[in-house]
Each structure stands twice: as C-alpha cells, then as structure tokens.
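Colleague: What would the 3D arrangement of this be:
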Amino acid sequence: MRRWDFVAAYLQGELQEGEVVYCHAPPGYATLGTDGRPRICRVEKPVYGMAQEGRRWQRTLFPWLLQYGFTQSASDPCVFTLRDDTTSQRLILGCYVDDLFILHTDSEPGSLYARFTEALAARWNVEDEGPASDLLNMEITRSDKYVILSQGNYIRSLVDTYMPDGVPARFQRTHAPAADDLPKL
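Modeller: Residues are numbered from 1 along each chain as shown. Predicted coordinates:
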C-alpha cells in the first residue's frame, strides 16, 4: 500500500457551474472601496477556510476516478476499486481528505498501478509519499505473509492526555477483565 498526497488539494478543486462565492478581502489588501463600503472578492477556486471545501474537492476528484474506470464502493463512498481483467491486476483506493491510499497487486512499469499513477500525476499535483506506515491513527506493519494493524501510539496518546498521572491501579489487571468463576472451555 502506498500513500499519495494531493499538494494543496482544495486549491485543485472546482466550484460547480453557476456557483458564486464571495469573501472579504484578505489581509494586506484594502478592506474598503473608494466609496467607503467594505470590499468583497469573488472567489474563483475553492480555498482553505471555505465552508464545504472538502466536499468541493470530492466533487472534483471522485468524478475523475469514476471516469478513469474505478467503481465506487456502495458501503463507503471514499473507497474505489479498479480491475484489469486481461491481467487480473487490481487497485483498491481509499481517499481520506487529501490523501490516497492505493493497494496494488503489481507495480512494474506498464502495470495497472503504474498507468494509473502516471495519469494521476498528469492530471493533479501529487506526491508519492511511499509505503503507508499509518492510516487514521493505525500503525501498519508488513511482512511477506501478513499485515498487522495496531493502535498502540494512539492509545498511548489518549492515556497521556486523559490520564496524565498514569493508568489507575483498578485498570491495571494482568488478565482479561472477567469473573474468576466463569466456566472453562
């Protein structure tokens, strides 16, 4: 699995046809017009800080993925799949804000993954951040035979935040929290 980042993703989004957005003049620009009234600006592209900026970005990216041939998951609209039936290669793509996580079966030149990432880089300003080592507060560890997902760092950060004096003794048990008189299997 590799992580790809969209550089300044929201700035690569598009406003819908007919959508008009106005904002106050940014710092450093005159805030009043020559008539003394507040100056406003018409927004040409989505910018950070706009309401629904992430949705506007999705409305730009997701149709492109579908046009490329991906199928959007019915259970999670941020997950897409693509299969090349002639080579049995597959891509599973997860989109989280401005990051793509791409699982692929082959990364050789000319592979489905290579062709897709070339098209991705031709259309968008993206960076390949390499093999994914974490995803949504889960650490990812790989071997030749398996993938391990864990949340040790996240749990430690919760303990540090909400239990600054350490875990109370009543929670520090050396066995599973169950009654001692449960029947054994």
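Colleague: ranges for the strands of this structure?
Modeller: With DSSP state E, the ranges of strands along the chain come out as 2-6, 21-24, 40-43, 71-72, 79-84, 89-96, 99-104, 126-131, 134-135, 138-142, 147-150.
Colleague: Mean pLDDT, mean neighbour count and distance to Gln58 added to these, as CSV?
Modeller: Bear in mind the C-beta positions are built from the backbone N, C-alpha and C, glycine included. Output for those, formatted as CSV (pLDDT from 0 to 100; neighbours: other C-beta atoms under 10 Å; distance: least, C-beta to C-beta, whole Å):
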stretch, mean pLDDT, mean neighbour count, distance to Gln58
strand 2-6, 88, 19, 11
strand 21-24, 80, 12, 17
strand 40-43, 82, 12, 18
strand 71-72, 95, 13, 11
strand 79-84, 94, 17, 12
strand 89-96, 91, 18, 8
strand 99-104, 89, 19, 12
strand 126-131, 90, 13, 16
strand 134-135, 80, 14, 18
strand 138-142, 84, 13, 22
strand 147-150, 83, 11, 25
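Colleague: Among those, which comes closest to Thr34?
Modeller: strand 40-43 (14.1 Å; C-beta to C-beta).
Colleague: Output the longest helix belonging to the protein.
Modeller: helix 53-68 (DSSP state H).
Colleague: ok, what's across the strand from His104?
Modeller: Leu91 (DSSP bridges).
Colleague: contacting residues for the most centrally placed residue in the chain?
Modeller: In the chain, the C-alpha closest to the average C-alpha coordinate belongs to Tyr96, at a distance of 1.7 Å (C-alpha atoms, centre = their mean). Tyr96 makes contact with Cys78, Leu135, Leu136, according to C-beta atoms under 8 Å, 6 or more residues apart in numbering.
Colleague: can you give me phi and psi for the last one?
Modeller: Read that as Leu136. The phi and psi torsions at Leu136 (degrees, to the nearest 10) take the values phi 50, psi 50.
Colleague: OK, contacts around it?
Modeller: Leu136 sits in contact with Tyr96, where contact means C-beta under 8 Å, 6+ apart.
Colleague: that older thread, show me which of the contacts of Tyr96 is closest to Gly33.
Modeller: Of all the contacts of Tyr96, Gly33 sits closest to Cys78, with 42.5 Å by C-beta to C-beta.
Colleague: Below-threshold pLDDT in the chain: ranges please.
Modeller: Scanning the chain for pLDDT under 70 picks out 9-13, 48-53, 172-185.
Colleague: if you set the cut-off to 90 instead, what comes out?
Modeller: Scanning the chain with the threshold set as pLDDT under 90 gives 1-3, 5-60, 85-88, 95-99, 103-110, 124-125, 130-160, 162-185.
Colleague: neighbouring contacts of stretch 119-129?
Modeller: Residues from elsewhere that reach stretch 119-129 (C-beta under 8 Å, 6+ apart): Arg2, Arg3, Trp4, Asp5, Phe6, Val7, Ala8, Gln12, Trp64, Tyr68, Leu100, Thr117.
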